[in-house]
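*Asks:* Need the 3D shape of this:
(one chain, ligands or ions: 1)
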Amino acid sequence: AWMDADFRRQLSARRERVEDAFEFEGRKVGRGSYGQVFKTKPRSCADAPAGDYALKQIEGSGLSMSACREIALLRELKHPNVISLKQVYLAHETRQIWLLFDYAEHDLWRMINFHASAKKCNSQVSLPPNFTKSIMHQILCGIHYLHSNWVLHRDLKPANILVMGATSPERGRVKIADLGLARLFHQPLTPLTEIDPVVVTFWYRAPELLLGARHYTKAIDLWAIGCIMAELITDKPLFYCKQEEDIKTSSPYNRDQLERIFSVMGFPSQQDWRDLPHLPKYGDLVRNFGTGQQYARFSLGRHMSRSFGMSETSPEFRLLSRLLAMDPLRRPSAREALEDRYFLEEPRPAADVFNGFDIPYGKRDFISDSSDNKDDLARQQQSQPVHASLQQYQQSHQQALLLQQQQQQLS
Ligand SMILES: Cc1ccc(-n2nc(C(C)(C)C)cc2NC(=O)NCCO)cc1
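*Replies:* Got it, this is the predicted structure:
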């Protein structure tokens, strides 16, 4: 071994073991291809301040590429609206990696589902009038910080927007996270459905991605934020599109998702989106939709006023339509969105998105290993993939795919 044996023994004896510092048996709250997450409390002997923590056991063993990326990225980032990495534990015996985060009791996916089901059974939930505005302000602050550090999120959706609970000193604060697929590749052309054929959703994907854009951009994150804003207002995914159960083709082009976007937004004209004809999948678009005449009378204003009685002259609607510009070049930056009149007029955004109101949502359920079946998991953690076997399939498939891509590039 490259290290003096005695020194190794000393290091090993002194190293803090995660199981000695934290109680996490039977307290699993999340599970997916990235690993599993426990809600833990520090044991009395630990030197961590009291309170709840999220302990993430990274899937696989040793320093995988994704473990490296997550640690390297998170240890550099520090912002009130971005999840913060508190500690890294390396279990040398099992080569396991554990990441310690502050615990967030809520997330927008569970919160929106709660409101949607409350509406369905006509029991209204009382929320502050600036609830959506406060959440939007904090998401934009967090994304502005990430974008100014040239970090793109790439997978913004309600499940990745965490909110601190009543017992946290940061009650009601938004924390942007990435609980989803520990993507091995970042090209949007990687067939996402290959990584997780079961539950990936395209509802928050910008139209340019669906039309084959080769690189993620900041504007792609802003589109997703627009989708989240609409969903906070109506409690329904704006571009909801049923998922075919089978694994989709490996193309980024998704006709059904595009159809849904056009039936809400209308069809983009040459004036709306000058660069549209230069996108890789423009040919497919013309083949499937022609000149888009059938969507001529649709528009976001029409959709939001009919489905939610929203006025097209309200500041709320104006910001929403800026974020959901079909042409990525016309979408505001995070800073420009923060300067929108919507955030300057009463009621102003609050630091605690619940504004002191009682928090109506329940705590997260613990996942017992027996209930590891699909529907239970899908219910608890939208768009989190399932069994390790599927994950094995995905990773082996990923390697095969990577080899294929490399061969293609060589040939
Ligand atoms: C492989 C990998 C997985 C997750 C991240 N990631 N990225 C972020 C942003 C919000 C800073 C972009 C946050 C995270 N990781 C997490 O949020 N981890 C918490 C439980 O999974 C990075 C890399």
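
*Asks:* quick one: buried residues of stretch 16-35?
*Replies:* By 16 or more other Cβ atoms under 10 Å, the buried positions in stretch 16-35 come out as 18, 21-22, 24, 27-35. C-beta: built from backbone N, CA, C; applies to glycine.

*Asks:* End to end on it, go ahead and measure it.
*Replies:* 21 Å (Cα to Cα, to the nearest Å).

*Asks:* Could you report the neighbour count for the closest residue to His144 other than its chain neighbours?
*Replies:* Take His144 and drop its neighbours on the chain: the residue closest to it by Cβ to Cβ, 6 or more residues apart in numbering is Ala334, 3.7 Å away. Close neighbours of Ala334, defined as other Cβ atoms under 10 Å, add up to 21.

*Asks:* And for Gln293?
*Replies:* Neighbour tally, Gln293, other Cβ under 10 Å: 9.

*Asks:* try the one 5 residues further on
*Replies:* Close neighbours of Phe298, defined as other Cβ under 10 Å, add up to 17.

*Asks:* Likewise for Ser311?
*Replies:* 12.

*Asks:* For it, give me the backbone phi and psi.
*Replies:* phi -80, psi 140 (degrees, to the nearest 10).

*Asks:* ok, it - contacts?
*Replies:* Residues in contact with Ser311 (Cβ atoms under 8 Å, 6 or more residues apart in numbering) are 305, 317.

*Asks:* This structure: strands as residue ranges?
*Replies:* 22-23, 28-32, 35-42, 53-58, 85-91, 96-102, 106-107, 161-163, 174-176 (DSSP state E).

*Asks:* Need these in TSV (columns: mean pLDDT).
*Replies:* Shown next, in TSV, are these (pLDDT from 0 to 100):
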stretch	mean pLDDT
strand 22-23	94
strand 28-32	89
strand 35-42	94
strand 53-58	96
strand 85-91	94
strand 96-102	96
strand 106-107	98
strand 161-163	98
strand 174-176	98
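
*Asks:* any chance of those strands in a markdown table, with distance to Phe114 too?
*Replies:* Listed next are the strands of the chain as a markdown table, based on distance: least, Cβ to Cβ, whole Å:
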| stretch | distance to Phe114 |
| --- | --- |
| strand 22-23 | 28 |
| strand 28-32 | 17 |
| strand 35-42 | 19 |
| strand 53-58 | 20 |
| strand 85-91 | 28 |
| strand 96-102 | 22 |
| strand 106-107 | 9 |
| strand 161-163 | 12 |
| strand 174-176 | 17 |
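
*Asks:* Any chance of TSV for these, columns distance to the ligand?
*Replies:* Shown next, in TSV, are those (distance: least, Cβ to the nearest ligand atom, whole Å):
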stretch	distance to the ligand
strand 22-23	15
strand 28-32	7
strand 35-42	6
strand 53-58	5
strand 85-91	8
strand 96-102	6
strand 106-107	11
strand 161-163	8
strand 174-176	5
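
*Asks:* All set, thanks.
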